[in-house]
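Student: Build me a model from this:
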Amino acid sequence: MAASNKIIDLRRLLAERFPKTFAPGTDRLRTGLPAIDATTGGLPKNAITELSSPNLSAGSALLLHALLQRAHRDGFFVALVDGRDSFDPEAAGAAALPNLLWVRCRQASQAVQAADLFLRDGNFPLVILDLVLNAGDELRKIPQPHWYRLQRLVEAAPTAFLVLTRHSIISSAQLKLSLENVWRLSDLEQPDLAARLNIQVDRVHGGREIMATAG
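Tutor: Okay, the predicted model is just below:
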């Protein structure tokens, strides 16, 4: 009973703090990243997109910052579920933070539960579940039916659901991306680094994987 009351209170808080806003009425959410938008038209709404970062310095944090800047520019809210409490708000830039709801977790199971709540809420055009730094054995303990349940939830919401992982684990993802960069410290001094993200796209469509490379 106490847990149910907390969920009700959280939903009320979300409704008050984050009134319903919607990105442009298409079936894709534009990211502002040419490597994604030029190939797929953006992140699909009503679906799971999985982006894996096999290299430690692939640029997943840079991609997050670019998405937040896009949300600030277009005036919509983003829910970020942080699976290992690793997000650095200072690096993201203060201007983008008013459009962000950041949930800090320590375990993948907690993060999946939080993402479940946001998808049910339907208030956010973009929900991001960041599991890049969660251990592989921890992620393997998440049953595949959990991902199918999240897919069913997002199908009923005007939401793009992006899951960041180290290696691909979600069989139900409609769109699969991978970051292929290996950044060095000297690269971080280059301007417009987000535009140089090298992203491989595996788009699952009609039971077939269509391979493309962008970047």
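Student: Could you look up the SS state of Val81?
Tutor: Assigned state for Val81: strand (three-state reduction, DSSP: H, G, I helix; E, B strand; the rest coil).
Student: Leu100 versus that one, what's the distance?
Tutor: Separation of Val81 from Leu100 (CB to CB, to the nearest Å) stands at 11 Å. All C-beta atoms are positioned from the backbone trio N, CA, C, and that covers glycine.
Student: now do Leu119
Tutor: 17 Å.
Student: neighbour-wise, which of these two wins?
Tutor: Set Leu119 next to Leu100 and count neighbours by other CB atoms under 10 Å: Leu119 wins out with 24 against 19.
Student: Was I right to think the more buried one contacts Ala157?
Tutor: Yes. Counting by CB atoms under 8 Å, Leu119 sits close enough to Ala157 to count as a contact (5.8 Å).
Student: Now do the shared contacts for the two.
Tutor: Between them, Leu119 and Ala157 share no neighbouring residue, with contact defined by CB atoms under 8 Å, 6 or more residues apart in numbering.
Student: Not counting the helix or strand hosting Arg152 itself, show me its contacts.
Tutor: Under the criterion DSSP states H and E, the helix or strand holding Arg152 is helix 144-155. With contact meaning CB under 8 Å, 6+ apart, helix 144-155 is reached by 46-48, 112, 115-116, 119-120, 127, 161, 170-173.
Student: Please repeat the previous calculation with a cut-off of 6 Å.
Tutor: The contact list for helix 144-155 (CB atoms under 6 Å, 6 or more residues apart in numbering) reads Asn46, Ile48, Val112, Leu119, Arg120, Phe161, Ile170, Ser172.
Student: Now render the residues you listed as CSV, adding distance to Cys105, pLDDT and secondary structure.
Tutor: As requested, these are exported to CSV (distance: CB to CB, whole Å; pLDDT from 0 to 100; DSSP: H, G, I helix; E, B strand; the rest coil):
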residue, distance to Cys105, pLDDT, secondary structure
Asn46, 25, 94, coil
Ile48, 18, 96, strand
Val112, 9, 96, helix
Leu119, 16, 95, helix
Arg120, 17, 92, helix
Phe161, 16, 98, strand
Ile170, 18, 93, coil
Ser172, 21, 88, coil
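Student: so which of the residues you listed would you say is closest to Lys141?
Tutor: Within the contacts of helix 144-155, distances to Lys141 taken as CB to CB reach their minimum at Val112, with 10.5 Å.
Student: State the distance from the closest one to Gly32.
Tutor: For Val112, the distance to Gly32 equals 27 Å [CB to CB].
Student: cool, Thr165 as well?
Tutor: 22 Å.
Student: More neighbours: those two, which one.
Tutor: With other CB under 10 Å as the criterion, Thr165 and Gly32 differ in neighbour count, and Thr165 comes out ahead with 25 against 16.
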